[in-house]
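Engineer: I need the structure of the sequence given here:
(chains A and B)
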Protein chains: 2
Amino acid sequence: MQDVPLLISRILTHGSALHGSSQVITWTGEGEPRRRSFAEVGARSAKLAHALRDDLGVQGDARVATLMWNNPEHVEAYFAIPSMGAVLHTLNLRLPAEQLVWIVNHAADRVVIANGSLLPLLAPLLPHLKSVEHVVVSGPGDRSLLDGASAQVRVHEYEDLIADKPETYDWPELDERQAAAMCYTSGTTGDPKGVVYSHRSIYLHSMQVNMAQSMGLTDQDTSLIVVPQFHVNAWGLPHATFMTGVNMLMPDRFLQPGPLAEMIESERPTHAAAVPTIWQGLLQELKAKPRDVSSLGQVTIGGSACPPALMAAFDELGMRVCHAWGMTETSPLGTIARPPARVIGTDEEFAYRLTQGRFPASVEARLTGPGGERLPWDGESAGELEVRGPWIAGAYYGGQDAEVLRPADKFSEDGWLKTGDVGTISPDGYLTLTDRAKDVIKSGGEWISSVDLENALMAHPDVAEAAVVAVPDDKWGERPLATVVLKEGATADFATLRAFLADEGKIAKWQLPERWTVIEAVPKTSVGKFDKKVLRGQYAAGDLDVTQI
Amino acid sequence: MQDVPLLISRILTHGSALHGSSQVITWTGEGEPRRRSFAEVGARSAKLAHALRDDLGVQGDARVATLMWNNPEHVEAYFAIPSMGAVLHTLNLRLPAEQLVWIVNHAADRVVIANGSLLPLLAPLLPHLKSVEHVVVSGPGDRSLLDGASAQVRVHEYEDLIADKPETYDWPELDERQAAAMCYTSGTTGDPKGVVYSHRSIYLHSMQVNMAQSMGLTDQDTSLIVVPQFHVNAWGLPHATFMTGVNMLMPDRFLQPGPLAEMIESERPTHAAAVPTIWQGLLQELKAKPRDVSSLGQVTIGGSACPPALMAAFDELGMRVCHAWGMTETSPLGTIARPPARVIGTDEEFAYRLTQGRFPASVEARLTGPGGERLPWDGESAGELEVRGPWIAGAYYGGQDAEVLRPADKFSEDGWLKTGDVGTISPDGYLTLTDRAKDVIKSGGEWISSVDLENALMAHPDVAEAAVVAVPDDKWGERPLATVVLKEGATADFATLRAFLADEGKIAKWQLPERWTVIEAVPKTSVGKFDKKVLRGQYAAGDLDVTQI
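Structural biologist: Numbers count the residues shown, from 1 in each chain, chains lettered A, B, ... in the order given. Now for the predicted structure:
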């Protein structure tokens, strides 16, 4: 067979020629959306590559960063930068300023392409970005914010830069294992970690996304890509849609429930992808002001688990939610919850849709127990999920001229990714996640799920909120500490709650917490998740009033 | 990203574990079909690999041939042989005996796995097969036919051989570019040519088949695989279906219209794949004895063009025909005729369905004119189709210890496959084939389509059949010779026919034939195609009575 490399330039030239009339439709917040054909995106990607090479001196594996919303210029950057051999680095505009600075300096980005609306975010960072020589600005926004921001940086207008460039580019024949794009994870501990995607991994991932068992889209579809392009390549959708001519509907910076409802009603996308929070907001919006969202035959939800009530509510609106699981390190498609044929139309179907989903052929999975042992796929044995495959990270970027990083808590000795997620796998390969590995309580060689204990506690009528964390124990290694927020006027004591767990909560006796405390509120992270780090710190410092029973 | 090779063993272990309850359903000609789960196929593939290695001494890249119908044992061979690192060689049981002997000796097959029903074919060949040491027989058939057939060959029963072997096998981590399977093309001239498929090419091809823009099947589908497993890996379907849990419906040796109609009605497949001849036969059968074939939402037709009338007739029966084009050298998926979104539901849709279809992203295409020049994709310029891609052949197998073969008439200098097919490509990438390159008339640096002339001639009421071939011409290089079979009592003379071509046939003046002859019948090949080689030979030998006008 011919030794033809799997390259992003192939997706680009294919999509812009054979699907030239497919469109990137972009919300503008007022009046008509912008409409740009794939043929135009292809021609403009070639222009951008010429500009980056000839005017800005981008060569070799130079990193070109983007600080952009979902829009066609960002799609052009997605294709031009890797296709010319450079590396696309998408910057997460939600990160704290100091993290963004650290990341840009670590990646040694030479160019930043930014949306005008994000200059208020970029301008104050610029003096701290050591490697950045050029900023290219696209779309509306106050350019004067950049005046004098940094002496070393030249500022360009995106449209001026590409205006007179040729509409074709002689894309080089690269090694398919070469870096194409990178994305940093914002770990809760330690420095952010850079995940580097190759041409090969992105190409294979795009094929998988287009497989009927995954999202299965064709040029008859329009995909509303809400998941930001700075989150794991927007789940691979810009590449996948260009490969098969699927129209893209891009919200740009209009991610609020109102505009999303409007664009669904007016552009009638057949598919959408976003995290549950977005859909929760949309659901409220639709309750307040109903719109026709029935075009959405398929809605991919990932990022975190979709609450059953939300899934059921969307079913009623004719929007069919499909769960998927992945992470920055998995490109991200790890599993997708299309129920097995045998349960379609039965009561079991909904239960399968609530799992994280089934692994495709290219993603191998195994569960590792507390002692490092392999656990069976029996739907009951819970272990840490480890995965392997051609679009799964095998290391983190170490920085220029540095070795790659393979921390032992993230990669097994035989090279599998340790996901940090704990769950079960059914005999037919459906993943159900139950906990984060760092929140599991390792007690005497067995694991206790903090999430199971919390859910059981919160089922008691007197409990408003509950968080369970691991604390050190001389005999067992770790034991659970139950921290409880009681409802106003509640009378239950710890012994009652403990008995409730054993009876109603159906928690095994050896898993019941001995340590209890009442707190005012569970500390939360900026995105509203329980911040157990804080509770563990308070316990270690002796700041909690703990009762032992 | 992890450097995980794309291996057939991955498809096998995935399919037998995550889609373990999917089935291979096999027609037996009487009573219930045989049903074998993917889990069983997986376990039996492991057993077969143990038997081949431990009992028959298969190691390295040894070739193991199959002479089998479509059935689960053949599927087991498909997975066991490449997964253990050896090479599956499917033998085309329709080939003349001397060609089969040549092919087996050229490939140096060490083992032949044969269906019992094919022993009458195999037995007389055995003494001539120099490298074959073992024959393994599966399924009903008279074993005594092999008694004393060859002194050097040991005969085994498939079921006995695998009976006591372990149900798992530690599949080796191979190089994805390693040979996995091979298939010889039966060229009309010269020796057969061996095409070698790699693990990589088969894996990528399987993903493409499963993409929604191609066949797009899932575990809710059942695919009736009529195309033989000895024809280009049954168009990749056994691999593709195992990758996603699609049930396989296998006709075994019951390829007649009657049994096919029965298996469609009783097993209700949602997809089927076969050449037009099979469907033509089925259509006759259904006219004579109607059956419910409406389960077949999608019917892939390839091998040769589907006549429009046949496509329309199946539309009426609720069977939706989808054209595809490919060849042994293209794995075979080259194009598939899913019409573009913009014509769905319009009059144009049927015209698009009659094309050979659109190229997927992994298949690059170009048209080369008579002078070697690149022709535009304008839907009008006809040239020889050349293709490139990771599942397109780059050479033929040269034999043991020999160099690979890259004949200049089959491969361009820059490594593209010259398909030998002549046609046009529309601006949106749809291929329409008009001729075989060897049948095109190269006249003064321009091409004249023999097929166009034939179709125009056969539109005349006096013409029963017509074949046009190229003959040498001092001035133009080549010119068309029109050979015509007149209907009984027909009176048209050559001048009339020539004028008809110019007027009604809309043939350009410079393309009109000067040389004409009347023949009794057009000579045909064994599969009913015009055998123009014979006509060219007769002309060269002066055996035709040619009139020049």
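
Engineer: who in the stretch 201-350 of chain A is up against chain B?
Structural biologist: Within the stretch 201-350 of chain A, the positions adjacent to chain B are A:201, A:204, A:207-208, A:210-213, A:216-220, A:243-245, A:331, A:338, A:340-342, A:344 by C-beta under 8 Å from any C-beta of the partner chain. The C-beta positions use only the backbone N, C-alpha and C, and glycine is treated the same way.

Engineer: residue ranges for the strands of the stretch 251-400 of chain A, please.
Structural biologist: In order along the chain, the stretch 251-400 of chain A carries the following strands (DSSP state E, counting those that start in this stretch): A:271-274, A:298-301, A:321-325, A:335-336, A:357-358, A:364-368, A:374-375, A:383-388.

Engineer: run me through the strand neighbours of the last one, direction for each.
Structural biologist: Pointing back at strand A:383-388 there. Using DSSP bridges, the strands paired with strand A:383-388 are strand A:364-368 (antiparallel), strand A:417-425 (antiparallel).

Engineer: please report how far the closest residue to A:Arg253 other than its chain neighbours lies from chain B.
Structural biologist: Taking C-beta to C-beta, 6 or more residues apart in numbering or on different chains as the measure, A:Arg253 lies nearest to A:Trp69, with 4.7 Å between them; neighbours along the chain are not counted. Shown here: A:Trp69 relative to chain B, a distance of 26 Å by C-beta to the nearest C-beta, to the nearest Å.

Engineer: tell me the contacts of A:Trp69?
Structural biologist: When contacts are counted by C-beta atoms under 8 Å, 6 or more residues apart in numbering or on different chains, A:Trp69 is found next to A:115, A:117-118, A:228-229, A:250-253.

Engineer: look up how far B:His19 lies from it.
Structural biologist: A:Trp69 sits 40 Å away from B:His19 when distances are taken as C-beta to C-beta, to the nearest Å.

Engineer: same check on A:Met263?
Structural biologist: Here the criterion is C-beta to C-beta. By it, A:Met263 lies 37 Å from B:His19.

Engineer: quickly list what the closest residue to chain B within the stretch 51-200 of chain A is bridged to.
Structural biologist: Residue of the stretch 51-200 of chain A nearest chain B, by C-beta to the nearest C-beta: A:Ser198 (4.9 Å). As for beta bridges, A:Ser198 partners with A:Ala179 under DSSP bridges.

Engineer: so it sits against A:Met182, correct?
Structural biologist: No - contact status for A:Ser198 versus A:Met182: not in contact, 10.4 Å apart, counting by C-beta atoms under 8 Å.

Engineer: show me which of the two is the more surrounded one.
Structural biologist: With neighbours defined as other C-beta atoms under 10 Å in any protein chain shown, A:Ser198 and A:Met182 compare such that A:Ser198 has more, 24 against 21.

Engineer: picking that back up, of the residues of the stretch 201-350 of chain A next to chain B, which belong to helices?
Structural biologist: The helices in this structure, assigned by DSSP state H, contain A:201, A:204, A:207-208, A:210, A:243-244 from those.

Engineer: of those residues, buried ones?
Structural biologist: Buried subset of these (neighbour count, 16 or more other C-beta atoms under 10 Å in any protein chain shown): A:201, A:204, A:207-208, A:210, A:243-244.

Engineer: dump those residues to CSV, plus pLDDT.
Structural biologist: Written out in CSV, the entries for these read as follows (pLDDT from 0 to 100):
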residue, pLDDT
A:Ser201, 98
A:Leu204, 98
A:Met207, 98
A:Gln208, 98
A:Asn210, 98
A:Met243, 98
A:Thr244, 98
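
Engineer: tell me the one of those nearest A:Ala351?
Structural biologist: Here the nearest of these to A:Ala351, counting by C-beta to C-beta, is A:Gln208; it sits at 24.6 Å.

Engineer: in a markdown table: the strands paired with strand A:383-388, plus mean pLDDT and mean neighbour count.
Structural biologist: A markdown table is the format used below for the strands paired with strand A:383-388 (pLDDT from 0 to 100; neighbours: other C-beta atoms under 10 Å in any protein chain shown):
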| stretch | mean pLDDT | mean neighbour count |
| --- | --- | --- |
| strand A:364-368 | 98 | 18 |
| strand A:417-425 | 96 | 22 |
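
Engineer: can I get those in a markdown table including distance to B:Leu486?
Structural biologist: Output for the strands paired with strand A:383-388, formatted as a markdown table (distance: least, C-beta to C-beta, whole Å):
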| stretch | distance to B:Leu486 |
| --- | --- |
| strand A:364-368 | 67 |
| strand A:417-425 | 72 |
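
Engineer: so where's the stretch 101-250 of chain A shaky on pLDDT?
Structural biologist: In the prediction, the stretch 101-250 of chain A carries residues with pLDDT under 70 at positions A:187-189.
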